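[1] I need the structure of the sequence given here:
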Amino acid sequence: MTAPSIAASTRPRLWWAVAGAAAGAGGLAWLATHDPNTPGHYPACFLLSTTGYYCPACGGTRATYDLLHGDVAGAFARHPVVPVLYVALGLVVVYYVLRRRFERLPALVVPTWVWPVAGAAVLVFGVLRNLPGMEILSPA
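    Now for the predicted structure:
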């Protein structure tokens with residue numbers, strides 16, 4: 001009796017998942033070894049350098065760097081949304097791995113309203129972090 005093989009229809013998806021994981025790991029390895037707090041490794045934020053306003057992503061690279069080095073408080077200070085997003089991403093990845101292993105788990109269905117609400121939340125966050133009195137949302 002031979003070992004079960006991966007169905008031909010799932011091979012491309014598996015390849016893309018492995019390639020994406022490898023690319024993400026490579027990017028995180030680069031970030032872990034190149035401090036974004038020192039000039040020269042990364043380009044400056046275009047919006048911040050031209051207007052003086054923080055974009056919704058400002059501080060995200062430094063927050064990821066802090067997380068890679070175990071500084072959770074520093075990550076929240078740099079960008080309070082990034083640690084939450086990484087936890088959510090991790091939960092989704094674990095869910096898909098478990099679903100692939102145990103086929104009885106229900107499919108994850110994302111309601112159509114989630115994406116416009118997420119986009120609006122990003123825009124609101126970008127505006128709030130530039131308002132006086134909202135310095136807690138600004139990158140440290």
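[2] what does the helix or strand hosting Thr64 rub up against?
    Under the criterion of DSSP states H and E, Thr64 resides in helix 60-68. Here helix 60-68 makes contact (C-beta atoms under 8 Å, 6 or more residues apart in numbering) with 28, 31-32, 35-37, 42, 72, 74-76, 78-79, 82-83, 86, 139. Quick note: C-beta positions are derived from backbone N, CA and C, even for glycine.
[3] out of those, which are buried?
    31, 36, 75-76, 78-79, 82-83, 139 (16 or more other C-beta atoms under 10 Å).
[4] how about the helix holding Thr64: buried residues?
    Buried, per 16+ other C-beta under 10 Å, within helix 60-68: 60-67.
[5] likewise for stretch 132-140?
    By neighbour count with 16+ other C-beta under 10 Å, stretch 132-140 contains the buried residues 137-139.
[6] what sits up against it?
    54, 58-59, 62-63, 74, 77-80, 125, 128-130.
[7] one more: stretch 86-102?
    When contacts are defined by C-beta under 8 Å, 6+ apart, stretch 86-102 is touched by residues 64, 67, 105, 107-108.
[8] any chance of JSON lines for the residues you listed, columns distance to Ala21 and pLDDT?
    Below are those laid out as JSON lines (distance: C-beta to C-beta, whole Å; pLDDT from 0 to 100):
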{"residue": "Thr64", "distance to Ala21": "16", "pLDDT": "95"}
{"residue": "Leu67", "distance to Ala21": "17", "pLDDT": "95"}
{"residue": "Leu105", "distance to Ala21": "21", "pLDDT": "82"}
{"residue": "Ala107", "distance to Ala21": "21", "pLDDT": "83"}
{"residue": "Leu108", "distance to Ala21": "18", "pLDDT": "82"}
